[in-house]
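**Student:** Sequence and predicted structure, then a few things I'm wondering about:
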Amino acid sequence: MPEDKQVEGDAPEVLNDNVINKYINAGQITNDVLKELIAKAVDGANVLELCTYGDNRIRELTSKTFNKEKKDLEKGIAMPTCISVNNVVCHYSPLKSDPDVRVLHNGDVVKIDLGAHIDGYMATAAHTLVVGASKEEKVKDKKANVIVANHHAIEAAIRTLQPTKKLFTTDVTKVISKVADQFKVTPIESMLSHQIGRFDHNGSKEIIQNPTEEQASKHEKKQFAENEAYIIDVFLSTGDGKAKVSDMRTTVYRKNDIVYQLKMKHARQFFSEAVKQYNNMPFSLRSFENEVQTKLGVVECERHGLMQPYGILVERESEYVAQFKYTVLLTAAGILKVAGLPFDDSVYEPELTIQDQELVTLLKEPLKLKKAKKEAEKKEPEPQK
């Protein structure tokens, strides 16, 4: 790892034009691949094939950008493609050898989660859709309630980050729950959103949704400020929000900053290759050529804390979970959303709507500050081709 890389926990660097441009370009790639996958998420689509396609496209598109800056500039996957269906909350990214790989069917609630990075500046996003939904075949009842609620919740959440409001991380927790209550759905317990930086997934500030009493008492609330970047990840459920780790095989990992001398040859080879390819970015075991050796190697790495597993979480089988994720920058001009797609509400017909006037007002607020809007439009860097 080059010396100039930021170590997790360090103060994030200033969002200058060069840094913002890298976030914007990574975000554009993320959004483009997400759109392509949404178009492919049709009845009969194979989730393994979709995940493989998503990862390949991220590699392809990132390889074509910022080639003039420096030869060893790292770029690629910041979050491997995960496609989680119905009650599966997150991190389903199957291997070629997995039996009974999920196939999509009309009516499935599908969450697509992925991300790209350029020079360690990561932009990840997630979007929820219902297979086969259209203006003629609208999504109704609790599926519509949870998806529309989730979209409103993340939109309200990012507006709460506005530095001029001088609000705290706990205020975001409250606003997510407040929106969920309007639709009689529940935030998945204990899910985290993080401040991020260059090669830094877990900055000093974090947002917890639907914390337990113990978590709420221990959680350190922190105030938002300019020149910060965040990945805001919101999950809502039609159930009680108490997700558990599934018995399905974990396939997504990322390197921890822990030193340990591995004993097994397979583990050493796997760890070396993972660090070389992904540094400390999350990855899928699917990307390694020899799955058998990879499965053996990751076991020792995980046992000794060198690899952090992203377990597959599930709600009760009769429930539905939605997810929306954005990457946002807090700038002097306001909130800049660099990753995350617009929401097509024309295919949804929820039973409930937002009645709380404070939330209605909040959701109407622009992301850019009015005073700085024109100046920001002049200065905002264009994506590099």
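**Tutor:** Nice, I can see it. Numbers count the residues shown, from 1 in each chain.
**Student:** residue boundaries of the strands in the stretch 151-300 of the chain?
**Tutor:** 186-187, 191-196, 206-209, 228-237, 244-245, 252-255, 283-284 (DSSP state E, counting those that start in this stretch).
**Student:** With respect to burial, which of those scores highest?
**Tutor:** Among the strands of the stretch 151-300 of the chain, ranked by average contacts under mean count of other CB atoms under 10 Å, first place goes to strand 228-237 (a mean of 27). (Each C-beta comes from the backbone N, C-alpha and C, glycine too.)
**Student:** Work out the sheet partners of that strand and label each with its direction, please.
**Tutor:** strand 186-187 (antiparallel), strand 191-196 (antiparallel), strand 321-331 (antiparallel) (DSSP bridges).
**Student:** give me phi/psi at residue 342?
**Tutor:** Per-residue torsions, residue 342: phi -60, psi 160 (degrees, to the nearest 10).
**Student:** Sorry, wrong one. I was asking about residue 124.
**Tutor:** phi -120, psi 160.
**Student:** With the flanking residues excluded, which residue is spatially nearest to it?
**Tutor:** The shortest distance from residue 124 to any non-neighbouring residue, by CB to CB, 6 or more residues apart in numbering, is to residue 115 (2.8 Å).
**Student:** Would you mind listing the residues in contact with the one you found?
**Tutor:** By CB atoms under 8 Å, 6 or more residues apart in numbering, residue 115 lies in contact with 26, 30, 58, 77, 78, 79, 122, 123, 124, 125, 327, 339.
**Student:** can you tell me the helix or strand for it?
**Tutor:** strand 109-118 (DSSP states H and E).
**Student:** how big is the angle separating that strand from strand 191-196?
**Tutor:** Calculated by axes from the mean of the first three to the mean of the last three CA atoms, to 10 degrees, strand 109-118 forms an angle of 20 degrees with strand 191-196.
**Student:** Tell me the strands beside strand 109-118, with direction?
**Tutor:** Sheet partners by DSSP bridges: for strand 109-118, these are strand 75-85 (antiparallel), strand 121-130 (antiparallel).
**Student:** Output these as CSV; include the columns mean neighbour count.
**Tutor:** Formatted as CSV, these follow (neighbours: other CB atoms under 10 Å):
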stretch, mean neighbour count
strand 75-85, 25
strand 121-130, 26
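**Student:** and of these, who's closest to residue 289?
**Tutor:** strand 75-85 (15.8 Å; CB to CB).
**Student:** Okay, now the sheet partners of the helix or strand just after that closest one, with direction.
**Tutor:** Following strand 75-85 in sequence order, the next helix or strand is strand 88-90 (DSSP H and E). For strand 88-90, the paired strands and their directions (DSSP bridges) read strand 313-314 (antiparallel).
**Student:** contacts for the strand it pairs with?
**Tutor:** 87, 88, 89, 90, 91, 188, 243, 244, 245, 246.
**Student:** just the buried members of those?
**Tutor:** Buried subset of those (neighbour count, 16 or more other CB atoms under 10 Å): 87, 88, 89, 90, 91, 188, 243, 246.
**Student:** tell me which of these is nearest to residue 279?
**Tutor:** residue 91 (19.7 Å).
**Student:** hang on, isn't that closest one packed against residue 250?
**Tutor:** Yes - between residue 91 and residue 250 a contact is recorded at 7.5 Å, counting by CB atoms under 8 Å.
**Student:** what's the overlap in contacts for the two?
**Tutor:** 310, 311, 312.
**Student:** Can you lay out those as a markdown table showing pLDDT?
**Tutor:** Shown next, in a markdown table, are the shared contacts of residue 91 and residue 250 (pLDDT from 0 to 100):
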| residue | pLDDT |
| --- | --- |
| 310 | 97 |
| 311 | 97 |
| 312 | 98 |
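**Student:** quick one: which of those is most hemmed in?
**Tutor:** The most crowded member of those, judged by other CB atoms under 10 Å, is residue 312 (23 neighbours).
**Student:** what's near enough to touch that one?
**Tutor:** 84, 88, 89, 90, 91, 92, 245, 246, 248, 249, 250.
**Student:** Name the nearest residue to the second one, sequence neighbours excluded.
**Tutor:** Closest residue to residue 88 apart from its sequence neighbours, by CB to CB, 6+ apart: residue 314 at 5.4 Å.
**Student:** what's across from that neighbour in the sheet?
**Tutor:** residue 88, residue 244.
**Student:** check contacts around residue 39.
**Tutor:** Residue 39 neighbours (CB under 8 Å, 6+ apart): none.
**Student:** now the stretch 101-250 of the chain, which segments are flagged as low pLDDT?
**Tutor:** Applying pLDDT under 70 to the stretch 101-250 of the chain flags no residue at all.
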